[in-house]
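Enquirer: Please find the sequence and the predicted model below.
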Amino acid sequence: KKHKFWETQPVGQFKDIGETNLPEGPIEAPTPLSEVKQEPYNLPSAYEWTTCDMNSEDTCNEVYILLKNNYVEDDENMFRFNYSKEFLRWALHPPGYYTSWHIGVRAKASKKLVAFISGVPARIRVRDEVVKMAEINFLCVHKKLRSKRLAPVLIKEVTRRVHLENIWQAAYTAGVVLPTPITTCQYWHRSLNPKKLIDVGFSRLGARMTMSRTIKLYKLPDAPATPGFRKMELHDVPAVTRLLRNYLSQFIVAPDFDENDVEHWLLPTEDVVDSFLVESPETHEITDFCSFYTLPSSILGNQNYSTLKAAYSYYNVASKTPLLQLMNDALIVAKQKDFDVFNALDVMQNESFLKELKFGPGDGQLHYYVYNYRIRQTLKSSELGLVLL
Ligand SMILES: COc1cccc(CC(=N)NC(=O)c2cccnc2OC2CCNCC2)c1
């Protein structure tokens, strides 16, 4: 059976695709808190639950090491995500977070952390409904414990703890197809350091292309082109929130960010998230915004390099500056910050700049899911305004 676990869950089932008379919205009603299972799910007897306080340097380091050695790899097992400790603390501590949703599994004998899953609260709008959800991420089982059916237990346990906070929906992504994607995105890469990317096998030299010709092809100016282009600062939060809320209102699924959310998710944090805006030199109005997050990957088995420094397109709003020019400025500052590659999904209006700015298609897809909420019909990726970490 392909989806033994997922066929038991309140998620859109493949058999329901095309059933347009199923109503959009929650699949199961909330249960009274008294009826939510009070005790944790059972683990195999050699393992125990642990709650991971990411403010503890030791615990944060244990989660970091577990993910560094056991988290998602590309399809050819040449790279593995290597989220930094400061990134993990940022990702797991948004406004209103619950430490109880940062769930680990330890081996009783050694006390070693062998699995993890996380949730953070988020307000996600689906058409005109703002729904309180948990954003689920960093599901990881140690390589040596795969196929012990631990992942379904981790998913049920985080679901139980989310229910205890009276939240009944969730959002998550995966590189694999599960019942049932709300949309499927293609990912794209823009070379910034083509020589290193070719050396580590991330990219290949194009046919009839020399290395020097390739380096010239991806060369960028030394400075952004847009007058008034600068780093975002704390005092910009109200204006950026207005700009972003207005922009995101056009998408069917998007975060419902308020100023607290914008301050957390979009204020520059070194080696975690970079954000820039365009302040009109004449009127001092904030007219545009762009941002990317820092997610390095370990390079598995290369003599010269151990880490791929990758920037991931986050939220971008172009209201006066052409999006093409704004994103080219984002590439320029990412290159200045020594990133090797700039990644983007074909969500929002990204498709309008990908080819022209010399992005190449990646070799995989990212599927988006919502738990316990039926969406009338599969979205186009351009109807999605949500970027998960
Ligand atoms: C280059 O190193 C990699 C290490 C592990 C996996 C992949 C391929 C991959 N799976 N990429 C993505 O999922 C991806 C590609 C472009 C933009 N965002 C992405 O994923 C984000 C969002 C979902 N959580 C992981 C990071 C690449």
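Expert: Cool, the structure landed.
Enquirer: tell me the SS of residue 312?
Expert: strand (DSSP: H, G, I helix; E, B strand; the rest coil).
Enquirer: cool, residue 353 as well?
Expert: Going by three-state DSSP: residue 353 is helix.
Enquirer: burial count for it?
Expert: Look at residue 353: counted by other Cβ atoms under 10 Å, it has 25 neighbours. For the C-beta atoms, the positions are set from N, CA and C on the backbone; glycine is no exception.
Enquirer: Quick check: the gap between it and the ligand.
Expert: As judged by Cβ to the nearest ligand atom, to the nearest Å, residue 353 and the ligand stand 15 Å apart.
Enquirer: Name the helix or strand for the residue lying closest to residue 24 once chain neighbours are set aside, please.
Expert: Setting aside the residues directly before and after it, residue 24 is nearest to residue 376 in space (Cβ to Cβ, 6 or more residues apart in numbering), at 4.5 Å. Residue 376 is part of no helix or strand when elements are defined by DSSP states H and E.
Enquirer: quick one, phi/psi of residue 376?
Expert: Here the main-chain torsion angles of residue 376 (degrees, to the nearest 10) amount to phi -50, psi -50.
Enquirer: Surely it is in contact with residue 25?
Expert: No - applying Cβ atoms under 8 Å as the test, residue 376 and residue 25 come out as separate, 9.5 Å apart.
Enquirer: Report the distance from the helix or strand encompassing residue 247 to the chain centre.
Expert: For residue 247, the host element (DSSP H and E) is helix 237-248. Distance of helix 237-248 from the chain centroid (Cα atoms, centre = their mean, to the nearest Å) equals 20 Å.
Enquirer: Likewise for stretch 277-288?
Expert: The answer for stretch 277-288 is 28 Å, by Cα atoms, centre = their mean.
Enquirer: For it, give the mean pLDDT please.
Expert: Averaged over stretch 277-288, pLDDT sits at 97.
Enquirer: Return the set of buried residues in it.
Expert: 277, 278, 279, 286, 287, 288 (16 or more other Cβ atoms under 10 Å).
Enquirer: residues in contact with it?
Expert: Residues from elsewhere that reach stretch 277-288 (Cβ atoms under 8 Å, 6 or more residues apart in numbering): 226-230, 232, 236, 239-240, 243, 289-290, 317-321, 326.
Enquirer: Spell out the secondary structure type for the closest residue in space to residue 181 that isn't next to it in sequence.
Expert: Leaving aside its chain neighbours, residue 181 sits nearest to residue 367 (4.1 Å; criterion: Cβ to Cβ, 6+ apart). Here residue 367 is strand, with the state taken from three-state DSSP.
Enquirer: State the number of residues packed around the residue nearest to residue 24.
Expert: 14.
Enquirer: State the distance from it to the ligand.
Expert: Taking Cβ to the nearest ligand atom, one finds residue 376 at 24 Å from the ligand.
Enquirer: re the thing from before, roughly how far apart are the residue nearest to residue 181 and the ligand?
Expert: On the measure of Cβ to the nearest ligand atom, residue 367 and the ligand end up 10 Å apart.
Enquirer: and that residue, bridged to which residues?
Expert: residue 174, residue 184 (DSSP bridges).
Enquirer: right, and it touches residue 180 too?
Expert: No - contact criterion Cβ under 8 Å: residue 367 and residue 180 do not qualify, at 9.1 Å.
Enquirer: who's more crowded, these two?
Expert: residue 180 (20 against 17).
Enquirer: Report the contact partners of the more buried one.
Expert: 11, 12, 13, 14, 16, 17, 369.
Enquirer: Excluding chain neighbours, what is closest to the first one?
Expert: In this case it means residue 11. residue 179 (5.3 Å).
Enquirer: for residue 17, same thing?
Expert: Nearest one to residue 17, counting by Cβ to Cβ, 6+ apart, is residue 180 at 6.6 Å.
Enquirer: SS state for that neighbour?
Expert: Going by three-state DSSP: residue 180 is coil.
Enquirer: Report pLDDT for it.
Expert: What the model reports as pLDDT for residue 180 is 93.
Enquirer: can you check residue 327 too?
Expert: 98.
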